[in-house]
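Q: next comes the sequence, and after it the predicted model I'd like to discuss.
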Amino acid sequence: MNIVIIGQSAFGKSVLEALAERDEDQVVGVFAPPRRENRPLDPITEAATELEVPIFEFKRLRDQEAIDKFKSLEPDLCVMAFVTDIVPMEMIDCPSLGTIQYHPSLLPLHRGPSSINWPIIYGETETGLTIFWPDKGLDTGPVLMQKNAEIEPDETLGSLYFNKLYPLGVEALIESVDLVRTGNAPKIVQDESKATYEGWCKAEDVDVDWSASTSAVFNMIRGADPQPGANTTFNGTRVSLYDASLSAPSSSKPAETGLLLASGESGITISTGDGSVNIGRLKTAGRKKVSAAEWTESAGAKIGDSFGS
């Protein structure tokens with residue numbers, strides 16, 4: 001098959017390299033993000049250059065110039081591997097065998113752009129990925145394939161993606177391409193009665209409420225680690241929190257929430273509505289992440305000081 005890839009970043013690069021290595025199909029073009037002055041090339045652009053695959057960079061895929069170029073490649077299949085731009089239906093419908101897309105959740109659950117963050121924040125224990133046939137809706141097209149992934153108790157956004165959903169996603173896209181080639185790719189209509197949708201997980205969505213339960217605070221911090229970073233305030237300055245871990249359960253409810261209870265080389269301990277959590281690293285706006293010990297010293301934090309006020 002002649003395949004066009006629309007994608008970006010390390011994930012898009014891995015999909016391109018996996019398809020090229022197999023030599024089953026011909027990648028006739030890669031639609032990548034435009035180059036930005038004084039910024040490194042996108043990984044998929046680097047890979048396409050090395051593999052001598054034609055690269056096309058358009059500011060908006062909806063522009064007619066982009067659509068015309070896409071059609072001129074006469075693709076049999078389009079593979080969408082990490083796409084943040086809006087892809088017009090003229091592109092999606094163009095390939096003779098259709099278009100398939102990767103989404104990191106078990107559709108129809110967690111439609112939307114931050115579908116890895118929210119299951120962790122909600123305390124769910126399972127998620128996965130879906131390869132589907134995109135249509136006019138947002139993550140609403142028929143399902144081709146799904147793979148499940150456990151959300152372990154200490155899983156973060158970063159570990160869940162890079163250790164599970166990333167490699168599983170590349171594998172699933174390659175398997176799906178094989179199914180399309182052999183004419184065995186299913187199209188299973190999503191059950192709209194089970195559909196959920198969440199928008200971008202932004203900093204204002206993960207402002208820690210220290211009066212909440214320990215599990216709720218812990219899930220929020222790890223679900224936003226590393227992006228966008230769950231946050232609080234200390235002496236009026238916003239601070240983002242990373243590398244959280246659960247403290248040993250306490251038999252008594254804290255007298256006050258958001259208090260700095262302990263500080264050491266391994267992290268700081270902050271009281272919650274029914275216990276406490278440990279924080280390993282922190283980041284003040286405009287600065288790099290540092291160890292809790294380094295942050296404590298620079299901020300002049302002392303036992304009994306309050307967060308979130």
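A: That came through, no problem.
Q: contacts for stretch 165-183?
A: With contacts defined as CB atoms under 8 Å, 6 or more residues apart in numbering, stretch 165-183 is touched by 1, 3, 10-11, 14-15, 18-19, 22, 24-25, 77, 79, 81, 97-98, 100, 102, 104, 116, 127-129, 131, 144-145, 147, 149, 185-186. Backbone N, C-alpha and C define where each C-beta goes, glycine included.
Q: show the buried residues in these.
A: Neighbour counting by 16 or more other CB atoms under 10 Å classes 1, 3, 11, 14-15, 19, 25, 77, 79, 81, 97-98, 100, 102, 104, 116, 127-129, 131, 144-145, 147, 149, 185 among the contacts of stretch 165-183 as buried.
Q: now, those that are in strands?
A: Counting by DSSP state E, the buried ones among the contacts of stretch 165-183 place 3, 77, 79, 81, 100, 102, 127-129, 131, 144-145, 147, 149 in strands.
Q: how about TSV for those, with pLDDT added?
A: Shown next, in TSV, are these (pLDDT from 0 to 100):
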residue	pLDDT
3	98
77	98
79	98
81	97
100	98
102	98
127	98
128	98
129	98
131	98
144	98
145	98
147	98
149	98
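Q: in the residues you listed, find the pair that's most separated.
A: Greatest spacing in these, by CB to CB: 3 and 127 (27.5 Å).
Q: residue 151: what's it in contact with?
A: Applying CB under 8 Å, 6+ apart, the residues near residue 151 are 119-120, 124-127, 160.
Q: can we see that at 10 Å?
A: Contact partners of residue 151, counting by CB atoms under 10 Å, 6 or more residues apart in numbering, are 116, 119-120, 122-128, 159-160, 164, 219, 222-223.
Q: neighbours around the nearest residue to it once chain neighbours are set aside, how many?
A: Spatial nearest neighbour of residue 151, excluding adjacent residues (CB to CB, 6 or more residues apart in numbering): residue 125 at 5.3 Å. By other CB atoms under 10 Å, the residues close to residue 125 number 11.
Q: let me know the pLDDT of residue 125.
A: pLDDT for residue 125: 98.
Q: my read: it touches residue 160, true?
A: No: if you go by CB atoms under 10 Å, residue 125 and residue 160 don't touch, sitting 11.6 Å apart.
Q: need the residues touching each of the two.
A: 119, 150-152.
Q: which of the residues you listed has the most neighbours?
A: Among those, the one with the most neighbours (other CB under 10 Å) is residue 119, at 27 neighbours.
Q: tabulate the CA atom coordinates of whichever strand or helix holds that one in PDB.
A: Assigned by DSSP states H and E, residue 119 belongs to helix 117-121. The C-alpha trace of helix 117-121 is given here as PDB (Å, rounded to 0.1, in the frame of the first residue of the first chain):
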ATOM      1  CA  ASN A 117      -4.300  12.500  32.400                       C
ATOM      2  CA  TRP A 118      -7.900  12.100  33.400                       C
ATOM      3  CA  PRO A 119      -8.100   8.400  34.100                       C
ATOM      4  CA  ILE A 120      -5.200   8.700  36.600                       C
ATOM      5  CA  ILE A 121      -6.700  11.800  38.200                       C
END
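Q: off-centre distance for it?
A: On the basis of CA atoms, centre = their mean, to the nearest Å, helix 117-121 sits 10 Å off its chain's mean C-alpha point.
Q: tell me what that helix is packed against?
A: When contacts are defined as 3 or more CB pairs under 10 Å, 6 or more residues apart in numbering; DSSP states H and E, helix 117-121 sits against strand 126-132, helix 157-160, helix 214-223.
Q: so residue 239 belongs to a strand, correct?
A: Yes: applying DSSP: H, G, I helix; E, B strand; the rest coil, one finds residue 239 inside a strand.
Q: which residues touch it?
A: Applying CB under 10 Å, 6+ apart, we find residue 239 in contact with 208, 229-233, 279, 282-285, 287, 295, 299, 301, 307-308.
Q: now it: how far from residue 301?
A: 10 Å (CB to CB, to the nearest Å).
Q: tell me the predicted confidence for the residue nearest to residue 117 when sequence neighbours are not counted.
A: Spatially, and ignoring its direct neighbours in sequence, residue 117 is nearest to residue 201 (4.0 Å; CB to CB, 6+ apart). Residue 201 carries a pLDDT value of 98.
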